[in-house]
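J.: I'll drop the sequence and a predicted model, then ask my questions.
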Amino acid sequence: MTDAHCHVIRGESRCFIASPTHDEPRGCDAVFYGRHPWDFLDGGVFSGEDAEKLEKLLEDNPSAGVGEIGLDRLKTKTVPDAMRDAFRTQLALAARHSRNAVVHGAKCWGETVKECIPFAGAIPAFLFHGFSRSGGLVPDIVAINGYISVGPAILNDHATNYRELVKSLPVERILVESDATAENADDTPSVEDTAVRLASLLGMPPDVLERRLEANADAFLGAR
Ligand SMILES: [Zn+2]
């Protein structure tokens, strides 16, 4: 089973690590380098030095992608200019090096997807992690070769709207994620638990869904 978005390695058969805390994470199958939108809440900027550093990481790691990057309105009412600039600059770097991007868009998915559209094609595939907006954006996401990773929120009995959204997603674009970090790794459900719940929501046998999810993960990685 592939954990399509996490920040620490927890022993899944495959994991895609974003913004690793160690420069060279060992034992993960795909690594994404980038600055998270929360780095740009309090006057932080994505400097020329940051761009050089990211570019060097991409050159030194030919299979690496760019992420976790994006926009966020969980912690502010409007997206700060520095956050938007950092997102655009990192998208442009991903495009220049033809790398996949892992994208965060909490509470501003419309704006986030819109920023990605000009980079369609140049960025081979996008992973929209923790996507929780209504299904209206899904056609745009599919059109730019976007994938959507479903998280442990589907296990929450109160997440009725989220489960309805998940049911409406095209199954060939779904991945599963834990978004586990060093701080919450012990309390975060496994991707296996998320996948079992997802299978029952989609009305699919768990083993059939698991094969589908692995094929989707291969397709996402193989897009570049
Ligand atoms: Zn994350």
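T.: Nice, thanks for sending it over.
J.: note down every partner strand of the helix or strand of the chain with the lowest mean pLDDT and its orientation.
T.: Every helix and strand of the chain was ranked by mean pLDDT, DSSP states H and E. The lowest is strand 14-18, at a mean of 85. Strand 14-18 sits in its sheet next to strand 2-6 (parallel), strand 30-33 (parallel), going by DSSP bridges.
J.: just for the chain, where's the confidence low?
T.: 12, 21-28 (pLDDT under 70).
J.: okay, strands next: where are they in this protein?
T.: 2-6, 14-18, 30-33, 65-70, 101-104, 126-129, 146-150, 174-176 (DSSP state E).
J.: export these as CSV, with columns for mean neighbour count.
T.: Any C-beta I mention is one placed from the backbone N, CA and C, and that applies to glycine too. Formatted as CSV, these follow (neighbours: other C-beta atoms under 10 Å):
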stretch, mean neighbour count
strand 2-6, 27
strand 14-18, 24
strand 30-33, 24
strand 65-70, 28
strand 101-104, 29
strand 126-129, 28
strand 146-150, 26
strand 174-176, 24
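J.: let me have the ones you listed in a markdown table, extended by distance to residue 163.
T.: A markdown table is the format used below for the strands of the chain (distance: least, C-beta to C-beta, whole Å):
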| stretch | distance to residue 163 |
| --- | --- |
| strand 2-6 | 19 |
| strand 14-18 | 24 |
| strand 30-33 | 27 |
| strand 65-70 | 23 |
| strand 101-104 | 21 |
| strand 126-129 | 17 |
| strand 146-150 | 10 |
| strand 174-176 | 13 |
